[in-house]
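In: give me the fold of what follows.
(one chain, ligands or ions: 3)
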Amino acid sequence: MWKLARFAAASLARSRRFSTAIPGPCMVHKRGADILHDPWFNKDTGFPLTERDRLGLRGLLPPRVISFEHQYERFMNSYRSLEKNTRGQSDKFVSLAKWRILNRLHDRNETLYYRVLIDNIKEFAPIIYTPTVGLVCQNYSGLYRRPRGMYFSAKDKGEMMSMIYNWPANQVDMIVLTDGSRILGLGDLGVQGIGIPIGKLDMYVAAAGMNPQRILPVMLDVGTNNQKLLEDPLYLGVRQPRLDGEEYLAVVDEFMEAVHARWPKAIVQFEDFQMKWAFETLDRYRKKFCMFNDDIQGTAGVALAGLLGTVRAQGRPLSDFVNQKIVVVGAGSAGLGVLKMAVEAVSRMTGCSETAAKSQFYLIDKNGLVTTERSNLDPAAVPFAKHQRDLEGLAEGASIIEVVKKIKPHVLVGLSGVGGIFNEEVLKAMRESVSTKPAIFAMSNPTMNAECTAIDAFNHAGENIVFASGSPFENVNLGNEKIGHVNQANNMYLFPGIGLGSLLSGARLITDGMLQEAAECLASYMTEEDIHKGILYPSIDCIRNVTAEVGAAVLRAAVAEGVAEGHGDVGSKELKHMSKEDTVGYVRENMWFPEYSPLVHEK
Ligand SMILES: NC(=O)C1=CN([C@@H]2O[C@H](COP(=O)(O)OP(=O)(O)OC[C@H]3O[C@@H](n4cnc5c(N)ncnc54)[C@H](O)[C@@H]3O)[C@@H](O)[C@H]2O)C=CC1
Ligand SMILES: CC(=O)C(=O)O
Ligand SMILES: [Mg+2]
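Out: Ligands and ions are numbered 1, 2, ... in the order given. Predicted coordinates for the structure are as follows:
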């Protein structure tokens, strides 16, 4: 039975940076040097002498025992020295050097790695996640030293059911899966895309307290259409063009069946699949497995929370969302996911049909404004194509600048993957917006693919805008002690809570209702005071709190929708009887926190 008192005590201990409470023991099936080479159990010089005796480590380490606090300090000192020593070098060089030092710690001592990550999440997220993770993926074959996660390739057809048992952990809760076909805005990076599931799962541990022993990054290597990679002698993936059609689906089907056979309750997050497979696989598996597509569904929730925030920032009631004119640039998995969720929200608010709710939205892709005149339109974009009668004089294929000048939108959202397309002319045109506080969301990643920079947005579109980007930018100094706030509109605010809430509810499936509750929870997180300053999302420093709230909202929605089957000792009936506060407490209590546990050897 879940106990509030236990949670309160645990959270109090955690609020102190280094708790004195002794964590429960951890069973280990290894001895001696094998433990030192296993980053999960390794404590480096931190093994107490009694443990060194018990585990056959005596003599394998320098004699002095160093405390966790000192190990932590030592790492941070090395990190600060690296910062000092690389001053003046190119951004790329510095970012990769920082990633390397963190990655080496990750490979050596996971407890210390996750502790420094959690404590310094604002500083380290841009290294283990966007933007540096993009650079890492681009250079992955050269950077590769040790394997992490699992690789299933086109050549493993028929073998996956047995391969899945090669993974050493008995239990897996969370899998992030990619086929490397659309890595951030960087295109097809083949097997090198594995950096994304690794980075996303690091965020799961840091933000959601997922147990790192129970996570699994997976690469489905079905080939690549990136000619440069195919010709690169260092390239580590299968050197063949991507599988397509039924052949492709057969590989994904086999993988999903294998996962389900070994870990029936594992949640699978699909990440950075090219659009056609993103939609197809979501449709194919969402009624059968506990899975979601982060780029379609996670992004949509974060964007919707931001869009609702911009209504509040204008000093208008939320119900005014139904009158906001919104232009979305990018008709891919992310842009269409955002439109779908936003249209559903308008339809819910007004009680009108989704067809009527679409009138305020405009969709632009690489061929310009998307209208019903377009031939060969992707089926997923068809519902958002503008009818002739609603075009207000705009033509099929109208450019971004033509649309912005004509529509004068409240919000301009970029999910195109094209750096700089919100150019000076487009940003200046946003000054004519019908909104008192126009919003510009340059959501594409990594930084060089953002539709505009924060500085350009404030310089050209005016100081009263609300600005958000997918990768972090510094706040902008507007002079006269005024600050242009930069928000990070990134699905990292939701996917950890979606995963954790689904896990702790024991959800069979991830429903639209669960995703909607996640978005609404994030939308209501900010105070009016912050929102009026243009701050739409919480600081990443409090990401664990955000995730606890979002996770609880997802859990409660899973219960309400009848898909919660319970988790561990907590059955669905107990979940049902938890109050809102109890649910948040239950979620918090189940967040893993890195500290050294006494190791007990078991044969
Ligand atoms: N901030 C966040 O949380 C997230 C950001 N993204 C970013 O969104 C971007 C797009 O992702 P997906 O939709 O999955 O990609 P996608 O490849 O499925 O779609 C890209 C879309 O942009 C359009 N496009 C390309 N060039 C254009 C141009 N010059 N003008 C207008 N439209 C153009 C394409 O026609 C296509 O519709 C990526 O950079 C990705 O990193 C994706 C998910 C989450
Ligand atoms: C953030 C993310 O999921 C993307 O850029 O694809
Ligand atoms: Mg993604």
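
In: now tell me what touches stretch 302-313 from outside.
Out: 317-318, 320-321, 324, 326, 338, 341-342, 345, 410-411, 413, 435, 437, 439, 441, 443, 466, 468, 487, 489-491, 493-494, 519-520, 522-523, 525-526, 528, 531-532, 534, 536-537 (Cβ atoms under 8 Å, 6 or more residues apart in numbering). Bear in mind the C-beta positions are built from the backbone N, C-alpha and C, glycine included.

In: around ligand 1, pick out the residues from the stretch 251-400 of the chain.
Out: By Cβ under 6 Å from any ligand atom, the residues of the stretch 251-400 of the chain that approach ligand 1 are 275, 295, 299, 302, 329-335, 364-366.

In: quick revisit: buried subset of the contacts of stretch 302-313, written for PyMOL?
Out: Restricted to buried positions by 16 or more other Cβ atoms under 10 Å, the PyMOL selection for the contacts of stretch 302-313 reads:
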select buried, resi 321+324+326+338+341+342+345+410+411+413+435+437+439+441+443+466+468+487+489+490+491+493+494+519+520+522+523+525+526+531+534+536+537
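
In: ok so, going back, want to throw the residues of the stretch 251-400 of the chain next to ligand 1 into a markdown table with secondary structure, neighbour count and pLDDT?
Out: Below are those laid out as a markdown table (DSSP: H, G, I helix; E, B strand; the rest coil; neighbours: other Cβ atoms under 10 Å; pLDDT from 0 to 100):
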| residue | secondary structure | neighbour count | pLDDT |
| --- | --- | --- | --- |
| Met275 | helix | 20 | 97 |
| Asp295 | helix | 26 | 98 |
| Thr299 | helix | 25 | 98 |
| Val302 | helix | 29 | 98 |
| Val329 | strand | 27 | 98 |
| Gly330 | coil | 24 | 98 |
| Ala331 | coil | 24 | 98 |
| Gly332 | coil | 25 | 98 |
| Ser333 | helix | 28 | 98 |
| Ala334 | helix | 32 | 98 |
| Gly335 | helix | 31 | 98 |
| Ile364 | strand | 26 | 98 |
| Asp365 | strand | 20 | 98 |
| Lys366 | coil | 12 | 98 |
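
In: filter those by proximity to ligand 3?
Out: Residues of these in contact with ligand 3 (Cβ under 5 Å from the ion): Asp295.

In: which of the residues of the stretch 251-400 of the chain next to ligand 1 are close to ligand 2?
Out: Applying Cβ under 6 Å from any ligand atom, the subset of those adjacent to ligand 2 comprises Asp295.

In: quick one: which two of the residues of the stretch 251-400 of the chain next to ligand 1 are the most distant?
Out: The span of these, defined through Cβ to Cβ, is set by Val302 and Lys366 at 23.5 Å.

In: backbone dihedrals for Gly566, please?
Out: Here is the backbone geometry of Gly566 (degrees, to the nearest 10): phi 90, psi 160.

In: residue contacts, it?
Out: Ser505, Gly506, Ser572, Lys573, Glu574, Leu575.

In: switch the cut-off to 6 Å
Out: With contact set as Cβ atoms under 6 Å, 6 or more residues apart in numbering, Gly566 has these partners: Gly506, Ser572.

In: how about the CA coordinates for stretch 262-278, as PDB?
Out: Presented in PDB, the C-alpha positions along stretch 262-278 are these (Å, rounded to 0.1, in the frame of the first residue of the first chain):
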ATOM      1  CA  ARG A 262       9.600 -10.600 -23.600                       C
ATOM      2  CA  TRP A 263       8.300  -7.500 -21.800                       C
ATOM      3  CA  PRO A 264       4.500  -7.300 -22.300                       C
ATOM      4  CA  LYS A 265       4.200  -4.100 -20.200                       C
ATOM      5  CA  ALA A 266       7.100  -2.200 -21.900                       C
ATOM      6  CA  ILE A 267       6.200   1.200 -23.400                       C
ATOM      7  CA  VAL A 268       7.600   2.000 -26.800                       C
ATOM      8  CA  GLN A 269       8.200   5.600 -27.900                       C
ATOM      9  CA  PHE A 270       8.600   6.000 -31.700                       C
ATOM     10  CA  GLU A 271      11.000   8.800 -32.400                       C
ATOM     11  CA  ASP A 272      12.300  10.500 -35.500                       C
ATOM     12  CA  PHE A 273      10.700   8.300 -38.100                       C
ATOM     13  CA  GLN A 274      10.100   9.900 -41.500                       C
ATOM     14  CA  MET A 275       6.600  11.100 -41.800                       C
ATOM     15  CA  LYS A 276       5.000   8.300 -43.800                       C
ATOM     16  CA  TRP A 277       6.100   5.700 -41.400                       C
ATOM     17  CA  ALA A 278       5.500   7.900 -38.400                       C
END
